[in-house]
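S.K.: Sequence and predicted structure are below.
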Amino acid sequence: MPGLFITFEGGDGSGKSTQAELLSSWLADAGHVVVRSREPGGTELGVELREIVLHRRGHMAPRAEALIYAADRAHNIATKVRPAVERGEIVIQDRYLDSSVAYQGAGRVLDPTEVRDISLWAAEGFMPDLTILLDLDESIGRERLDESRTRYDRLESEKSDFHARVRAGYLALAEADPARFLVLPATDTVESIAAAIQSRVAILLR
Ligand code: TMP
């Protein structure tokens, strides 16, 4: 039986990692082999690329930024995600190509179709079976980050209009592909979000 590739998307502070962890434990408890990954930074090479793209000081041209995310994606999919799915395992990943379309496309105002095409080339067209979008007003995301951080990375430091564009970019992606996306309000309780995710994933496992 082929495995599954499930991705979590949403703005900074939307609770993706918490929900990805809860879903992973739920699946592992049911006896599935679960692999966790993230972009950027799901592989050894990715950890180095993450450091560059998030913490390098000074200006980075938007297209350079987009290509570093795409390089991280290419390596993560080729060496980690696709082999695991082909072995029948379930990969749960924080962020994927929708992040590039939302952040580099809508946020940095690059052409969203071009950004998507670069990612598809990088990942050899590999698409998630399900993408969970935790939708959050950017001002609430900011408040949540302020409570948990003393230092922000390059993307988190962007102004609120950037994050508002990212949110709108995500919602447009979800609207265009309702079969792949499950959109949930990130302001619901952790437990109710987890329950909604589990019911959707249970359908995929049937
Ligand atoms: P995170 O792993 O803590 O969510 O941080 C990753 C940051 O990188 C986040 O601000 C979103 C951003 N990002 C992009 O701009 N484009 C991408 O393709 C990905 C995967 C992440």
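M.R.: Arrived safely.
S.K.: and Thr18, that one's in a helix?
M.R.: Yes. Counting by DSSP: H, G, I helix; E, B strand; the rest coil, Thr18 is part of a helix.
S.K.: what's the spacing between the worst-scoring helix or strand of the chain on mean pLDDT and its chain's center?
M.R.: Lowest by mean pLDDT, DSSP states H and E among the helices and strands of the chain is helix 138-148, with a mean of 90. Helix 138-148 sits 18 Å away from the centroid of its parent chain (Cα atoms, centre = their mean, to the nearest Å).
S.K.: before we move on, what about stretch 104-122?
M.R.: The answer for stretch 104-122 is 14 Å, by Cα atoms, centre = their mean.
S.K.: Report the central residue of this structure.
M.R.: Arg95 (1.2 Å; Cα atoms, centre = their mean).
S.K.: quick one on the thing from earlier: residues contacting the least confident helix or strand of the chain from elsewhere in the structure, which ones?
M.R.: If you take Cβ atoms under 8 Å, 6 or more residues apart in numbering as the criterion, helix 138-148 is touched by 11-15, 152, 156, 160, 163-164, 166-167, 186-187. Where you see a C-beta, it was placed from the backbone N, CA and C, and this is true even at glycine.
S.K.: neighbours of Met127, just the number please.
M.R.: Counted by other Cβ atoms under 10 Å, the residues lying close to Met127 total 13.
S.K.: how close does it get to the ligand?
M.R.: Distance from Met127 to the ligand, counting by Cβ to the nearest ligand atom, to the nearest Å: 15 Å.
S.K.: how many other residues sit next to the nearest residue to Ser160 once chain neighbours are set aside?
M.R.: Among residues not flanking Ser160 along the chain, Glu138 sits closest, at 5.6 Å (Cβ to Cβ, 6 or more residues apart in numbering). Neighbourhood size, Glu138 [other Cβ under 10 Å]: 22.
S.K.: Could you measure from Glu138 over to the ligand?
M.R.: Counting by Cβ to the nearest ligand atom - Glu138 and the ligand are separated by 12 Å.
S.K.: Asp72 touches Glu48, doesn't it?
M.R.: No. Applying Cβ atoms under 8 Å, one finds Asp72 not in contact with Glu48, separated by 9.2 Å.
S.K.: who's more crowded, the two?
M.R.: Using other Cβ under 10 Å as the criterion, Asp72 and Glu48 rank with Asp72 on top: 25 against 13.
S.K.: now the helices for this structure?
M.R.: 16-29, 44-55, 62-76, 82-86, 97-99, 112-122, 138-148, 160-176, 190-205 (DSSP state H).
S.K.: Out of the ones you listed, indicate the one that is most buried.
M.R.: Of the helices of the chain, the one with the most neighbours on average (mean count of other Cβ atoms under 10 Å) is helix 97-99, at a mean of 26.
S.K.: Next, work out how far apart the closest residue to Gly11 other than its chain neighbours and the ligand are.
M.R.: In space, and not counting its chain neighbours, Gly11 is closest to Gly141: 4.6 Å by Cβ to Cβ, 6+ apart. Between Gly141 and the ligand the distance is 10 Å, computed by Cβ to the nearest ligand atom.
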